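Q: Here is a sequence together with a model predicted from it:
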Amino acid sequence: SSSSSSSSRGNESWLPKLNQGDSIYVAECSPSRHETAPPPRFSEGTLVKALEERGIGRPSTYASVLRALVARGYVVKNGAQLVPDSRGILVSAFLASYFSKYVEYDF
């Protein structure tokens, strides 16, 4: 191989050039499992808190909004969690696609 050992440019480390068929030495290989989890689902309390933080609605409207989300089939309650139902996912995607200007937090 015409390349010398790895060189460094700033903080980036460059590997020597390898050709097909070259053998490499692996000093250490330790398999590790890394799992990511989706963000937690809203509960009624955390949804109200998020609405308050974003300045959406008023405290007098939060209870009726939560009731409407469940009654119209946009979410289902799974214990304390509010889980989007297929209708809610579809309506959300429709609004984001065709009315994105109006469903932004800053509107």
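A: Ah, there it is. Numbers count the residues shown, from 1 in each chain.
Q: Ramachandran coordinates for P84?
A: phi -60, psi 130 (degrees, to the nearest 10).
Q: OK, contacts around it?
A: 74-75, 92 (CB atoms under 8 Å, 6 or more residues apart in numbering). In short, each C-beta sits where N, CA and C put it, glycine included.
Q: Now stretch 82-89: buried residues?
A: 82, 84-85, 88 (16 or more other CB atoms under 10 Å).
Q: Return the alpha-carbon coordinates of that stretch using CSV.
A: The C-alpha trace of stretch 82-89 is given here as CSV (Å, rounded to 0.1, in the frame of the first residue of the first chain):
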residue,chain,number,x,y,z
LEU,A,82,-53.8,9.6,24.1
VAL,A,83,-52.9,7.5,21.1
PRO,A,84,-53.7,8.8,17.6
ASP,A,85,-56.3,6.7,15.8
SER,A,86,-56.1,6.2,12.0
ARG,A,87,-58.7,9.0,11.6
GLY,A,88,-56.6,11.4,13.6
ILE,A,89,-53.4,10.5,11.6
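Q: With just CA atoms, put stretch 49-65 into PDB.
A: What follows is stretch 49-65, C-alpha atoms only, in PDB (Å, rounded to 0.1, in the frame of the first residue of the first chain):
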ATOM      1  CA  LYS A  49     -49.300  21.800  29.300                       C
ATOM      2  CA  ALA A  50     -48.000  21.700  25.700                       C
ATOM      3  CA  LEU A  51     -51.000  23.800  24.600                       C
ATOM      4  CA  GLU A  52     -50.400  26.300  27.400                       C
ATOM      5  CA  GLU A  53     -46.700  26.600  26.600                       C
ATOM      6  CA  ARG A  54     -47.400  27.300  22.900                       C
ATOM      7  CA  GLY A  55     -50.200  29.800  23.800                       C
ATOM      8  CA  ILE A  56     -52.800  27.700  22.000                       C
ATOM      9  CA  GLY A  57     -56.400  28.000  23.300                       C
ATOM     10  CA  ARG A  58     -57.500  29.100  26.800                       C
ATOM     11  CA  PRO A  59     -57.800  27.100  30.000                       C
ATOM     12  CA  SER A  60     -61.600  27.300  29.600                       C
ATOM     13  CA  THR A  61     -61.400  25.400  26.300                       C
ATOM     14  CA  TYR A  62     -59.000  22.600  27.100                       C
ATOM     15  CA  ALA A  63     -61.600  20.200  28.600                       C
ATOM     16  CA  SER A  64     -63.900  20.500  25.600                       C
ATOM     17  CA  VAL A  65     -61.000  20.100  23.100                       C
END
